[in-house]
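The sequence and its predicted three-dimensional model are supplied below.
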Number of protein chains: 2
Amino acid sequence: MSETRSEISQLGEFGLIDRISKNFTLQNKSSIKGIGDDAAVIDTGDDYLLISTDMLVEGIHFDLAYMPLQHLGYKAVAVNVSDIAAMNGKAEQITVSIALTNRFSVEAIDALYQGIKAACTNYKVDLVGGDTTSSTSGLIISISVTGRVKKDKVAYRNGAKANDIICVTGDLGAAFMGLQVLVREKEVYIADPNMQPDLEKYEYLVSRQLRPDARTEIIFDLEEAGVKPTSMIDVSDGLASELFHISKNSGVGIRIFEDKIPVDQVTFETAIDFKLDPITCALNGGEDYELLFTIEQSDYEKIKNHPDIHSIGYMHDKKDQNIMLSKQGTVVPLQAQGWNHFTNDPQT
Amino acid sequence: MSETRSEISQLGEFGLIDRISKNFTLQNKSSIKGIGDDAAVIDTGDDYLLISTDMLVEGIHFDLAYMPLQHLGYKAVAVNVSDIAAMNGKAEQITVSIALTNRFSVEAIDALYQGIKAACTNYKVDLVGGDTTSSTSGLIISISVTGRVKKDKVAYRNGAKANDIICVTGDLGAAFMGLQVLVREKEVYIADPNMQPDLEKYEYLVSRQLRPDARTEIIFDLEEAGVKPTSMIDVSDGLASELFHISKNSGVGIRIFEDKIPVDQVTFETAIDFKLDPITCALNGGEDYELLFTIEQSDYEKIKNHPDIHSIGYMHDKKDQNIMLSKQGTVVPLQAQGWNHFTNDPQT
């Protein structure tokens, strides 16, 4: 090894992924799509098989002080199922690998797998394998998911065209605000363990953080409406970051409207209480696991009355102009912040 | 959670897997085989898709004091490819997830992925996805592999019949003795850092530990010979442990001959030097990543001249009698020791 030492934090997660993936080229004809989308795509004959994987590390992705193991198990499955949905596919199988110290009892493992089972039941996926081992520090969960999509229905990040309408499901920023509430309550609890947290007001936000759901029903709804998204991604790192992925991969620009971004009332009010801008929380908060997709204008009529799909803007042909029109009518350049776990701070 | 606390170490890895898997039943018709074999089996139409996963944790599965990162990357892929071979299949894709602290530089990650790439090239598999994140302690690698097998060629652990011949490839116990050599040399180095380890004599053993290879060519050889194993497993936990898996899953007994167990001369001599019984190392050492399989007697002629396939015994109909006939002609009951990472000691 050379004596040069470069820090991973300087590259960031996306830089590291780019550095790794540029050295690998696909050699099997069954490998249709490798690194760079929500899931890899494998040709299995009639259909495409989708495969995605996520690793959750204690102390980085979750804090067991406020994350019950049952919720953690559920969430670990949901975020993987969400990646398959983001390819317009349906998840069918998962493998679950865990590493843990002897701090965890058999009962703790039971709780974790109860959550995994609840998610398997809800999403109709089968646990088909995995690995269990000990760790030297904390709990690590690595889940891989396989799914299926008809070949003509697969939605990549790179299919958006100028004039396509940008849609997002549900509402944004709630999971991020839920995390802020939990972090504050933990600090209150550490300061005074007799203090009981009053989370009732924040129930929606906290549930979005602790027990997010993959929007699998949207995939069925789109199919039923006869709409194939031209591009799709799930919102894990924040709306802005995901919009940039679509823009970069599709080679077209983004134009969204601030007043169209769906933010729940409780998210809005709590953000103000925390002296945060609600729209910034929606743009950069992350962990919403909503679906962000583009559709052809001719498909708009088919989904415009869907109660949970919101059109927030459109694509245009200037690929370097990713902008938001503010409520005041000013043009705000979008910034893809995302998350850099290597510094534990949002990337700036 | 109830107040009862049960320790994972009392269950052991296999006990924990049994406890987890009994709560999960398969619900998708594409899920052909779930937990309990070297890989899960998914129906994709013409063929079966195979999927397996392994997690390697620093301080548990490897020690970077003697495991170069490049070898670690290679080995992490090889052990997964071996699981696909053990289903009589061919690996095609992998996903690689890593968690690591900022102790690791970009150059260290490069070295790890150079090893992963070397393995991908050697085994003709594509890296199609993964996850990169930080950890709070050390390096964790989780790899999932997908492979393919014709439906009538898949080899499970449960197909062995009485009178089938038990075959194993290569030689056994070398990886275990390689580990003993490395651990001793590390102790010598800690005692006196000026002492240069003399590993030349142990080159074969050390390479079997640090850079094992999956026996993918055996799968081609069997296909060419027109032999479909009635059962198959790869030797990761030690010959005895794997024989028990075949016996338990197939419902038939094992009878092997001590003098037929393939042990390399260097393994034999080094074991004696270390005051270990060479056959015990072969039976319980683990990490050989050789293939253990059973064939019908009528197929024996087709493989008996293969230079790297050794017949070591046969199956019989008394499923509770798993025995070895010693060189002296005495009957020795086999014991499945395997490894219990939760205590870091061989299970007894």
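Ah, there it is.

what residues are up against the residue of the stretch 151-300 of chain A found nearest chain B?
Residue nearest to chain B within the stretch 151-300 of chain A: A:S236 (11.0 Å; CB to the nearest CB). Where you see a C-beta, it was placed from the backbone N, CA and C, and this is true even at glycine. The contact partners of A:S236, by CB atoms under 8 Å, 6 or more residues apart in numbering or on different chains, come to A:V79, A:S82, A:E242, A:G286, A:E287, A:D288, A:Y289.

Next, it: secondary structure please.
With DSSP: H, G, I helix; E, B strand; the rest coil as the basis, the three-state label of A:S236 is coil.

picking up where we left off before, most neighbours of all the contacts of A:S236, which one?
Ranked by neighbour count (other CB atoms under 10 Å in any protein chain shown), the contacts of A:S236 have A:D288 at the top, with 29 neighbours.

where are the low-confidence patches of chain A?
Low-confidence segments of chain A, defined by pLDDT under 70: A:1-3, A:337-348.

Break it down into its structural domains.
What the record gives for chain A is the domain set A:28-153, A:165-343, from automatic domain parsing.

Could you report the neighbour count for A:L26?
Taking other CB under 10 Å as the neighbour definition, A:L26 ends up with a count of 16.

ugh, wrong one, A:I51
For A:I51, the neighbour count with other CB under 10 Å is 26.

cool, and A:S30?
A total of 20 residues lie near A:S30 under the criterion other CB under 10 Å.

A:N28 now?
Counted by other CB under 10 Å, the residues lying close to A:N28 total 17.

show me what contacts it?
A:N28 makes contacts with B:E92, B:Q93, B:K124, B:V125, B:D126, as judged by CB under 8 Å, 6+ apart.

what sits opposite the last one in the beta ladder?
Same thing as B:D126. Beta-bridge partners for B:D126, by DSSP bridges, are B:Q93.

So it is in contact with B:A91, correct?
No - counting by CB atoms under 8 Å, B:D126 sits too far from B:A91 to count as a contact (9.6 Å).

Looking at the two, which one has more neighbours?
Taking neighbours as other CB under 10 Å, B:D126 and B:A91 compare with B:A91 leading, 31 against 22.

for the helix or strand containing that one, packing partners?
Secondary-structure assignment from DSSP states H and E places B:A91 in strand B:90-100. Judged by 3 or more CB pairs under 8 Å, 6 or more residues apart in numbering or on different chains; DSSP states H and E, the packing partners of strand B:90-100 are strand A:40-43, strand A:47-57, strand A:140-150, helix B:69-85, helix B:106-123, strand B:126-134, strand B:140-150, helix B:216-225.

As TSV, those with distance to A:H310 would be great.
Supplementary listing: these in TSV, determined by distance: least, CB to CB, whole Å:
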stretch	distance to A:H310
strand A:40-43	28
strand A:47-57	25
strand A:140-150	24
helix B:69-85	42
helix B:106-123	39
strand B:126-134	29
strand B:140-150	35
helix B:216-225	50
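
and of those, who's closest to B:V168?
Comparison of the helices and strands packed on strand B:90-100 against B:V168 by CB to CB identifies helix B:216-225 as nearest, at 10.4 Å.

what's the angle between the closest one and helix B:69-85?
Taking axes from the mean of the first three to the mean of the last three CA atoms, to 10 degrees, one finds that helix B:216-225 is oriented at 30 degrees with respect to helix B:69-85.

What is the burial count for the nearest residue to A:V79 once chain neighbours are set aside?
If you skip the residues right next to it in sequence, A:V79 has A:D54 as its closest partner in space, 5.4 Å away by CB to CB, 6 or more residues apart in numbering or on different chains. When neighbours are defined as other CB under 10 Å, A:D54 has 23 of them.

A:D54 against A:I140, yeah?
No - using CB under 8 Å, A:D54 is not in contact with A:I140, being 11.4 Å away.

Is it correct that A:G36 is in contact with A:N249?
Yes - with contact defined as CB under 8 Å, A:G36 counts as touching A:N249 (7.4 Å).

Check the contact lists of those two and give me the overlap.
Looking at what touches both A:G36 and A:N249 (by CB under 8 Å, 6+ apart), the common residues are A:R157.
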